[in-house]
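Student: Here you go, sequence then predicted model.
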Amino acid sequence: PSGGGKSTLCQLIPRFYDVSSGSISIDGQDIRDVTQRSIHENIGIVQQDVFLFADTILENIRYGKLDATDDEVYAAARLANADTFIRQLPDGYNTILTGDGANLSQGQRQLLAIARAAVADPPVLILDEATSSVDTRTEALIEKGMDQLMEGRTVFVIAHRLSTVRNANAIMVLEQGNIVERGDHDALLAQKGKYYQLYHGMFELS
């Protein structure tokens, strides 16, 4: 549910701020014992609100990995399902974005954020409500891109739309900052608890 602590949890993992008690470890290593640069090189984030700057689409994607070649950028865009719409723009990858990408739709901005994460190729990925404000057709495109991006890495998916998480290895239901249920989709449905209620009321949530 809203306000359960999902986004807060995923801001703690890349150490946007520190935990007040307890600790967060990746591969058994406390994240406070490693550099911020190391954390950010190993954790990619696709957020609901995408920050784009006034430059070409090529450079906006390359921001995920500043030394990426043009070919790596094109490959990342194809993986994210962004290549088709980019090539249809008047100047393709050299199209200059205006104030925070205002000349693109929300779905197109989201695809660029996924491409940016793809070019960085991090072992850990956080997808924070990445499809919350797009239409169903665009969502299907984005989810296809995200499925390809998720392969072979550890991914945290924050979602209201439960269709986004039903294939996860472990689903955690948060309530007021606490994990109240944990398991895969079938196991949680069988419990007939909070997840079951959320799943059957999903149309109200999305």
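Tutor: Arrived safely, thanks for sending.
Student: Tell me where the chain has strands.
Tutor: 25-26, 29-30, 43-46, 124-128, 154-158, 171-175, 178-183 (DSSP state E).
Student: Each with direction, which strands does the first one pair with?
Tutor: Strand partners for strand 25-26, identified by DSSP bridges, are recorded as strand 29-30 (antiparallel).
Student: Please enumerate residues in contact with the strand it pairs with?
Tutor: Residues outside strand 29-30 that contact it (CB atoms under 8 Å, 6 or more residues apart in numbering): 23-24. Yep, even glycine has a C-beta here, placed from its N, CA and C like the rest.
Student: Redo the strands of the chain as TSV? Include distance to residue 97, mean neighbour count and mean pLDDT.
Tutor: Output for these, formatted as TSV (distance: least, CB to CB, whole Å; neighbours: other CB atoms under 10 Å; pLDDT from 0 to 100):
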stretch	distance to residue 97	mean neighbour count	mean pLDDT
strand 25-26	33	12	90
strand 29-30	37	10	92
strand 43-46	17	24	88
strand 124-128	22	21	88
strand 154-158	26	18	89
strand 171-175	35	18	88
strand 178-183	39	14	92
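Student: Is it possible to get TSV of these that adds distance to residue 71?
Tutor: Output for the strands of the chain, formatted as TSV (distance: least, CB to CB, whole Å):
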stretch	distance to residue 71
strand 25-26	30
strand 29-30	34
strand 43-46	20
strand 124-128	22
strand 154-158	25
strand 171-175	37
strand 178-183	41
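Student: remind me which residues of the chain are low pLDDT?
Tutor: Residues of the chain meeting the criterion pLDDT under 70: 1, 130-135, 160-161, 163-164, 202-206.
Student: Repeat the analysis, applying 80 as the threshold.
Tutor: Regions of the chain meeting the criterion pLDDT under 80 cover residues 1-4, 6-7, 48, 99-102, 129-149, 159-167, 201-206.
Student: what residue is smack in the middle of it?
Tutor: Residue closest to the average C-alpha location in the chain (CA atoms, centre = their mean): residue 127, at 2.0 Å.
Student: Quick check: which of the strands of the chain is nearest to residue 56?
Tutor: In terms of CB to CB, the element of the strands of the chain nearest to residue 56 is strand 43-46, at 20.3 Å.
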